[in-house]
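**Student:** Turn this into a structure:
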Amino acid sequence: MGNSSSQTANEKRQEEVRQKFGVLVPPSFIVVDPSSDPTASLPISCQTRLKSIAAPNVLNDLWTMNQGRQLLETYMTPGVTLSVPTATQGQILVALNTTEGDKSSFLWAEQPLSDNAKAELLVPTVDSPHFHMRYKQDINENTFWAVRGQVNTQQKGWVESRLKSTYDDLDILFSVSSSLPSPSKDATRKDDIMDQVLNSVHLQAAAEYKESLVAVQGGLDQNQLPTLTGSMVSLNLNHQASDKNNAAIDGDVNARVPPLWLTLKQLKPSGEDTTKWTLNLSQILTFDRYVWNVMEERAPKVRQILGWSLQMDTTTASNDAESSSSTPETKWSIGTTWQVNRGLAFKGVMTTSNTSPLSLNYGFIVKRWMQPRATLSVLSQFEFATKKSSFLGFGLELEASPFTLNSTTPTYPNSPSPDYAKADEAAPTKVFIPERRR
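**Tutor:** Numbering: from 1, shown residues only. This next block holds a predicted model:
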């Protein structure tokens, strides 16, 4: 009896603390934050950026998932993206971009063949269909080896082999890829075929330590020697935020030390005498405000998520091209996103360069978390030179999980049965109760 009454008293005290100091922490959708939500998935618009008919590009994949890029670009492009699961544990992605001159619309389908193998089909609107195969094999509990290949109906494609190892907080990746030999009649000799393969060899390596990373990519020059064609470095300038407890957005906002990320990317396109540079600085801040909804009884406050990103894109010419009369373009972008609650966010991105006037792209984003999930962005633009505002369009992302197919979804052989109960637990709003200071 004494233990029961003591437990009841503790529960009453916890309830009093929650009603007086509790904070609602909604799931974040303005940017993927693995430190806060390990189960968070990339926005569909980010997933579509990872599907390409070109040879694998580690730098492009890392830049797609970069926090600063997401704060500037995610949900800011008109168009429709759709993600649908198949009845055999596969997935279908559809991208329909309405931006003038955008050629990235496509249909992509994936089907697992076994635990280690997958088959994919990519059908772009500007090229022939591409068939993709991948195979993955675990070497040990910390290392895996994978091989991928892609070919289209014109017998053009590429093949890649990669190795990835994990040691505590360190992840290391190596990748070697090459284009398939051209089926032209002129390339019948073995020497010609070998030259085609060597000229298209792509070498890549990346290392990540406690979320800070460095990556390089290169190829072979005319003398078959490695040459650097791109690099990327992303560092957390706020060393106090290296602890995941400080980086997470669902803890005590007064004790949180937000990471400050600096990213530098350099690309030197093949056959060009210029080098493209991108410098990005970004941060995600959190603060608590009082709940405006008088019907809300779970907690008196709600967590706000505010992200900002500053980016510079410029081009530098080589010594041989410095005499060119054209002035390289330097573009500045600054953006901010404010997530008001679990279903509403406001976003604005201001850009200017030495060849285009100052403009502001802005909009609001509405998120539905229940399955099937949907994200709608309403986008507009304001030109400061003409002081005119124009409507850009709508951005719509639709996502259905395997749980939405319910019992009609048969499981693929040798795969675990889906846990349909998780459909009701998707992206819940947490209630954080801070410790009382005496």
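
**Student:** who's in contact with residue 363?
**Tutor:** By Cβ atoms under 8 Å, 6 or more residues apart in numbering, residue 363 lies in contact with 75-76, 346-348, 377-380, 392, 395. Where you see a C-beta, it was placed from the backbone N, CA and C, and this is true even at glycine.

**Student:** and it, that one's in a strand?
**Tutor:** Yes. According to DSSP: H, G, I helix; E, B strand; the rest coil, residue 363 belongs to a strand.

**Student:** Where in the protein is the helix or strand with the lowest mean pLDDT?
**Tutor:** helix 244-247 (a mean of 58; mean pLDDT, DSSP states H and E).

**Student:** Tell me the buried residues in the next helix or strand after that one?
**Tutor:** The element immediately downstream of helix 244-247 (helix or strand, assigned by DSSP states H and E) is strand 260-267. Across strand 260-267, burial judged by 16 or more other Cβ atoms under 10 Å covers 260-263, 265-267.

**Student:** Partner strands of strand 260-267, with direction?
**Tutor:** strand 226-236 (antiparallel), strand 274-290 (antiparallel) (DSSP bridges).

**Student:** Can you give me the buried ones in the shortest one?
**Tutor:** For strand 226-236, the buried set under the neighbour-count rule, 16+ other Cβ under 10 Å, comprises 229-232, 234-236.

**Student:** Same check on stretch 65-75?
**Tutor:** 66-75.

**Student:** again with stretch 276-286
**Tutor:** In stretch 276-286, the ones that count as buried by 16+ other Cβ under 10 Å are 276, 278, 280-284, 286.

**Student:** that older thread, would TSV of the buried residues of strand 226-236 with distance to residue 29 be doable?
**Tutor:** Formatted as TSV, those follow (distance: Cβ to Cβ, whole Å):
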residue	distance to residue 29
229	34
230	30
231	31
232	25
234	22
235	26
236	22
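
**Student:** got the residues you listed as CSV, with distance to residue 95 and pLDDT columns?
**Tutor:** As requested, the buried residues of strand 226-236 are exported to CSV (distance: Cβ to Cβ, whole Å; pLDDT from 0 to 100):
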residue, distance to residue 95, pLDDT
229, 27, 87
230, 25, 92
231, 29, 95
232, 24, 96
234, 26, 94
235, 32, 93
236, 32, 89
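
**Student:** Closest one to residue 199 out of those residues, please.
**Tutor:** Distance to residue 199, by Cβ to Cβ, is smallest for residue 229 among the buried residues of strand 226-236, at 13.0 Å.

**Student:** List the contacts of that closest one.
**Tutor:** Applying Cβ under 8 Å, 6+ apart, the residues near residue 229 are 217-219, 267-270.

**Student:** Just the buried ones from those residues?
**Tutor:** Buried among the contacts of residue 229 by 16+ other Cβ under 10 Å: 217-219, 267-268.

**Student:** Farthest pair within the residues you listed?
**Tutor:** 219 and 267 (12.6 Å).

**Student:** Could you dump the buried residues of strand 260-267 into CSV with distance to residue 165 and pLDDT added?
**Tutor:** Listed next are the buried residues of strand 260-267 as CSV, based on distance: Cβ to Cβ, whole Å; pLDDT from 0 to 100:
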residue, distance to residue 165, pLDDT
260, 29, 91
261, 24, 92
262, 26, 95
263, 24, 96
265, 24, 96
266, 26, 94
267, 26, 92
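
**Student:** right, and out of the residues you listed, which lies closest to residue 435?
**Tutor:** Relative to residue 435, and with distances defined as Cβ to Cβ, the nearest of the buried residues of strand 260-267 is residue 260, at 26.3 Å.

**Student:** ok, the closest one touching residue 284?
**Tutor:** No. Using Cβ atoms under 8 Å, residue 260 makes no contact with residue 284, being 9.7 Å away.

**Student:** Wait, residue 235 touches residue 212, no?
**Tutor:** Yes. Residue 235 lies in contact with residue 212 (Cβ under 8 Å); the separation is 5.0 Å.

**Student:** Pull out the buried positions in the longest helix seen in the chain.
**Tutor:** Taking DSSP state H as the criterion, the chain has its longest helix at helix 2-21. Going by neighbour count (16+ other Cβ under 10 Å), the buried part of helix 2-21 is 18, 21.
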